[in-house]
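> Give me coordinates for this.
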Amino acid sequence: MPAGYHRHLYRDDAVVLRAQKLGESDRIVTLLTRRHGRVRAVARGVRRTSSRFGARLEPFGHIDLQLAGSPEGVGSSLHSVSQVEALTLLGKTLLTDYPRYTAASAICETAERLTPVEREPALRLFQLTLGALKALAAAEHAGTLVLDAYLLRAMAFAGWAPAVTECAVCGEPGRHAAFAVPAGGAVCPDCRPPGAAHPSPATLGLMNALTTGDWTVADAAEPPVRRECSGLVAAHLQWHMERSLRSLPLVDRRESNP
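Down below sits the predicted model:
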């Protein structure tokens, strides 16, 4: 630790992305904060039955907390949790619904992977992540639709949004019949590479609806269209991440419409 450095206290609100056991009674929590990006912090004693705020540090929760450390990145990268207040604890709701729990897990893993640099502000991703988890808990839309909408918008945050309403290569507007992940999305006949997929027009329409928030169109999509859309979204995401998400193959897609 640099000479003269003192850990100081700061407050933020955060989504709990992940929690890991540390020793007999502590936990390391990975947080996506509103103002300070992704932060990892030690919560002392929270696994004891007498802990006052252990339940507030479960994954998927929205919390207000006080942290000890340097948000500017001086000293240890591992901060300490000193106070926690619950804002919206979504874990209990999501844990009782396995399809929505698996979708929430994929959302949180994606958020963590899209913030590779600790303490780099990512306000838009924070808002997307919190909104998606709340939408899953509210069960107003099918969980797989919420997940795919999140993944599409998160890819836009990362600069990887698939082209849907124009050719990914030449920019020719229109709903094109082919889709090539390496090319960046939908492609026109002149730019279509060998091996391109040929999704149904309804599938590309669903991708566009999920990107723009047109839930009337999205909710009306038939199960085969939803499955084809999910496959394209997952393939596009994992192509750009260059390695697969552990949680994505575990997503339970048997959910019926809400």
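> Give me the contacts around stretch 79-86.
Applying C-beta atoms under 8 Å, 6 or more residues apart in numbering, the contact partners of stretch 79-86 are 7, 9, 29, 39-44, 46, 53, 56-57, 61, 63-69. Heads up, the C-betas are built off the backbone N, CA and C, glycines and all.
> tell me which residues in it are buried?
Residues of stretch 79-86 classed as buried: 79, 81, 84 (neighbour count, 16 or more other C-beta atoms under 10 Å).
> want to throw those residues into TSV with distance to T102 and pLDDT?
As requested, the buried residues of stretch 79-86 are arranged in TSV below (distance: C-beta to C-beta, whole Å; pLDDT from 0 to 100):
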residue	distance to T102	pLDDT
H79	29	88
V81	27	89
V84	26	91
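> Out of those, which comes closest to P173?
The closest of the buried residues of stretch 79-86 to P173 turns out to be H79 (C-beta to C-beta; 47.7 Å).
> Which parts of the chain belong to which domain?
Here the domain parsing of the chain from automatic domain parsing is 8-90, 140-250.
> what about the longest one, start to end distance?
By that I understand domain 140-250. 22 Å (C-alpha to C-alpha, to the nearest Å).
> Stretch 169-188 now?
With C-alpha to C-alpha as the measure, the ends of stretch 169-188 fall 8 Å from one another.
> Tell me which residues of that stretch come out buried.
For stretch 169-188, a neighbour-count test (16+ other C-beta under 10 Å) marks 169, 176-181, 183-188 as buried.
> Among these, which lie within helices?
Cross-referencing those against helices under DSSP state H gives no overlap.
> now stretch 123-136: how far from the chain's centre is it?
Distance of stretch 123-136 from the chain centroid (C-alpha atoms, centre = their mean, to the nearest Å) equals 8 Å.
> quick check, nearest of the buried residues of stretch 79-86 to H141?
Scanning these for proximity to H141, where the rule is C-beta to C-beta, the winner is V84, at 29.9 Å.
> Stretch 156-175: how far from the chain's middle?
Averaging C-alpha positions (C-alpha atoms, centre = their mean) puts stretch 156-175 21 Å from its chain's average.
> partners of the lengthiest strand in the chain, with directions?
Scanning the chain for the longest strand, with DSSP state E as the assignment, gives strand 8-22. Strand 8-22 has the following sheet partners, assigned by DSSP bridges: strand 26-33 (antiparallel), strand 62-69 (antiparallel).
> which residues of this protein fall in strands?
With DSSP E as the definition, the chain shows strands at residue ranges 8-22, 26-33, 37-43, 62-69, 78-88, 178-180, 185-187.
> how far off strand 37-43 does the first one point, in degrees?
Read that as strand 8-22. For strand 8-22 against strand 37-43, the angle by axes from the mean of the first three to the mean of the last three C-alpha atoms, to 10 degrees is 70 degrees.
> Work out the gap between strand 8-22 and the centre of the chain.
Here strand 8-22 is found 16 Å from its chain centre; the criterion is C-alpha atoms, centre = their mean.
> What of the fifth one?
Strand 78-88 has its C-alpha centroid displaced from the chain centroid by 20 Å (C-alpha atoms, centre = their mean).
> any idea of the angle that strand forms with strand 8-22?
On the basis of the same axes, to 10 degrees, strand 78-88 is oriented at 90 degrees to strand 8-22.
> So that it lines up with my notes, have the first residue be 747 from now on.
Sure thing, new numbering starts at 747, so read that last one as strand 824-834.
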